[in-house]
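*Asks:* Can you look at this prediction? I've put the sequence above it.
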Amino acid sequence: MQLNIFGQTFEYRNDRSELEAMFQKIFCMIAETDRQLSHLVIDGVEVYDDFETYMEERIDSIRTIDVVAVTVEEYIRDVFQTMHSYLMRALPEIERIIDEFYQSPSEDAWMRFEQMLEGIQWIDQALYWLAEQSKQPLDRQMLAHIRETLAEQLRQLLQAVEAGDAVLIADLIQYEIKPLWKEMMEHVQTNVVN
């Protein structure tokens, strides 16, 4: 298989034992150029996470791997745009979850609630990464405040889940999470626009 990165091409055997060396090469070259890995294009398919699993499952047939790396500034902008897009889609869904949890939540409502929790975890990871970008002019205090608030809300939600209290879950989403997400939307929107 062929690895294409920064105009250079490297050949690797289609073997799982080659993956570690290939990823070391990718991350070493990215670090040398002060860039951030955005995604891989593997035989024309854009892969944004869990690269190793994706490649292991297709190791025998992979022909080309193109590395897409961006500047830290571009990556930050992409993170904010992704977060903005997610929050725009999630807010109406949160309304549905709230309504259903005030009633009697269906299995589907519980699945969407679980997806919301995964979204919270992704937001937390993104905020952590953003706060770590010391060279960038970001409002770290705001990012830290949102992360702390999210962590507390997640703790309360998990307690409500353990207690099996669907109404408390709905209340927490309605009066704690939804307002925070709207606050995040405002903060993220200013970063997407600027």
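*Replies:* Ah, there it is.

*Asks:* residues in contact with residue 14?
*Replies:* 1, 59-62 (CB atoms under 8 Å, 6 or more residues apart in numbering). (Each C-beta comes from the backbone N, C-alpha and C, glycine too.)

*Asks:* what do you get if the cut-off is 6 Å, keeping everything else the same?
*Replies:* 1, 59-60 (CB atoms under 6 Å, 6 or more residues apart in numbering).

*Asks:* Let's have those in CSV, adding secondary structure.
*Replies:* Shown next, in CSV, are those (DSSP: H, G, I helix; E, B strand; the rest coil):
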residue, secondary structure
1, coil
59, coil
60, coil
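
*Asks:* so where do the strands sit in the chain?
*Replies:* 2-5, 8-11, 35-42, 45-47, 64-71 (DSSP state E).

*Asks:* Check the gap between the residue nearest the centre of the chain and residue 190 for me.
*Replies:* The centroid of the chain falls nearest to residue 122 when counting by CA atoms, centre = their mean (4.2 Å). Taking CB to CB, to the nearest Å as the measure, residue 122 falls 20 Å from residue 190.

*Asks:* distance of the residue nearest to the centre of the chain from residue 66?
*Replies:* Taking CB to CB, one finds residue 122 at 25 Å from residue 66.

*Asks:* and what of residue 81?
*Replies:* 22 Å.

*Asks:* now do residue 9
*Replies:* On the measure of CB to CB, residue 9 and residue 66 end up 10 Å apart.

*Asks:* From what I see, residue 140 and residue 131 are in contact.
*Replies:* Yes: Residue 140 is within contact range of residue 131, at 5.2 Å (criterion: CB atoms under 6 Å).

*Asks:* Compare these two and say which is more crowded by neighbours.
*Replies:* Each of residue 140 and residue 131 has its neighbours counted (other CB atoms under 10 Å); residue 131 has more, 18 against 15.

*Asks:* Isn't that one up against residue 143?
*Replies:* Yes: using CB under 6 Å, residue 131 is in contact with residue 143, at 4.5 Å.

*Asks:* what's the lengthiest helix in the chain packed up against?
*Replies:* For the chain, the longest helix by residue count, based on DSSP state H, is helix 72-102. The contact analysis (3 or more CB pairs under 6 Å, 6 or more residues apart in numbering; DSSP states H and E) places helix 72-102 against helix 107-131, helix 166-172, helix 178-193.

*Asks:* which of those sits most buried?
*Replies:* helix 166-172 (a mean of 18; mean count of other CB atoms under 10 Å).

*Asks:* okay, the angle between the worst-scoring helix or strand of the chain on mean pLDDT and helix 72-102?
*Replies:* Every helix and strand in the chain was compared by mean pLDDT, DSSP states H and E; the lowest is helix 178-193, with a mean of 79. Orientation check (axes from the mean of the first three to the mean of the last three CA atoms, to 10 degrees): helix 178-193 against helix 72-102 gives 160 degrees.
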